[in-house]
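S.K.: Sharing a model that was predicted from the sequence below.
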Amino acid sequence: MDKQELAAFLRSRRERLHPEDIGLPSGTRRRTPGLRREEVAVLAHISTEYYVRLEQGRAPRPSAEVLAGIAGTLRLTSAESAHLHLLAGTLPLHRGTVQREVRPSILAVVERLPQTAAIVMSADFEVLAWNDLAVALMEDFAGQDRAGRNLARKAFPVAGSPLPVVPPYGISDGTEFQQQVVMRLRTTLAQHPADDEVAGLVQELRTGNADFARLWERQDVHPAPVLTKTFRHPAVGEVTVDCDALELTDQGQFLVLYTAPPGSRDADALALLDVLGADAGRAPRPS
């Protein structure tokens, strides 16, 4: 149970609600934003003292029933409710570290996908495997060390980063991608509390990038899916692609696929990039 993260998450969700959101009169002007702690406690059918201690990081582990009552009162989404249970320790944690080895069968899929740029990404945004078209569309990941292949670091460069480019690859959804990175890292950190590498990455970005620190304090955990993405490529110009991220649940990894509708200008641009990648003699490689 991460008492401090649980406390911060509860405060952030309480402060975003207004009394009228849950059927209470707004009443007189309030000194602080959101619901009062006693209002949450009453509606969740728990004592005010216990809820206050939860928000102060001093309470013992709440039961699943108590958490369900709090989640309903705070109008949490299913993703937020799952995160609440994860922080409280009522969902199983991944005691080991983030999985960074890609299954051979997934590597074979990445290699054989036609007219598709594909990467495999770890739960903390390290690119673990890629194919020729991904290299041509994005960059040659083989030329980077592990830190340089981490897309979270590319989205939130810190002082001293070599030639930081934000957004990375000129993508059109740079702000949305940053939000996704923060939300996913929050979940990954909660799932892998013993992984020092994940904790170190989060700490590095919190102290080294003001935008990351600001978004982290918002406590958001439910990223909106990105269905399309536009890359600004130096050789072929803008390329708009469909973006599908398929979670490999047993590995905690993501297979990210970039495709374009057949016959479209964007499909032609991908085909040209595919030829350029093949001419460069690149081959699909894991990290």
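M.R.: In hand now; what should we look at? Given the structure is predicted, the values throughout are model-derived calculations rather than measurements.

S.K.: three-state assignment of residue 120?
M.R.: Here residue 120 is recorded as strand under DSSP: H, G, I helix; E, B strand; the rest coil.

S.K.: Contacts only, for it.
M.R.: Going by C-beta atoms under 8 Å, 6 or more residues apart in numbering, residue 120 touches 102, 106-107, 110, 127-130, 248, 253-256, 286. Bear in mind the C-beta positions are built from the backbone N, C-alpha and C, glycine included.

S.K.: Now with 10 Å, please.
M.R.: Residues counted as contacts of residue 120 (C-beta atoms under 10 Å, 6 or more residues apart in numbering) are 100, 102-103, 106-107, 109-110, 126-131, 134, 246, 248, 251, 253-256, 286-287.

S.K.: name the helices or strands packed onto the longest helix seen in the chain?
M.R.: Identified as the longest helix of the chain according to DSSP state H is helix 174-191. Contacts defined by 3 or more C-beta pairs under 10 Å, 6 or more residues apart in numbering; DSSP states H and E place helix 174-191 against helix 3-15, helix 78-88, helix 151-155, helix 196-208, helix 210-217.

S.K.: pLDDT of it, averaged?
M.R.: In this model, helix 174-191 has an average pLDDT of 90.

S.K.: Would you pull up how far that helix lies from the middle of the chain?
M.R.: Mean-position distance between helix 174-191 and its chain equals 3 Å (C-alpha atoms, centre = their mean, to the nearest Å).

S.K.: do the same with stretch 206-224
M.R.: Computed by C-alpha atoms, centre = their mean, the chain-centroid distance of stretch 206-224 equals 10 Å.

S.K.: That one: which residues count as buried?
M.R.: For stretch 206-224, the neighbour count (16 or more other C-beta atoms under 10 Å) marks 206, 208-209, 212, 215-216, 219-221, 223 as buried.

S.K.: Relative to residue 44, which of the residues you listed is nearest.
M.R.: residue 219 (18.5 Å; C-beta to C-beta).

S.K.: confidence score at the closest residue in space to the closest one that isn't next to it in sequence?
M.R.: Leaving aside its chain neighbours, residue 219 sits nearest to residue 12 (3.8 Å; criterion: C-beta to C-beta, 6 or more residues apart in numbering). The per-residue pLDDT reported for residue 12 equals 89.

S.K.: same deal with the one 4 residues further on?
M.R.: Here the pLDDT value assigned to residue 16 is 85.

S.K.: tell me the strands in this structure, going along the chain?
M.R.: Using DSSP state E, the strands of the chain run over 117-121, 127-130, 228-233, 237-248, 253-259, 285-286.

S.K.: Ok, which of those strands comes nearest residue 85?
M.R.: Closest to residue 85 of the strands of the chain, according to C-beta to C-beta: strand 237-248, at 18.7 Å.
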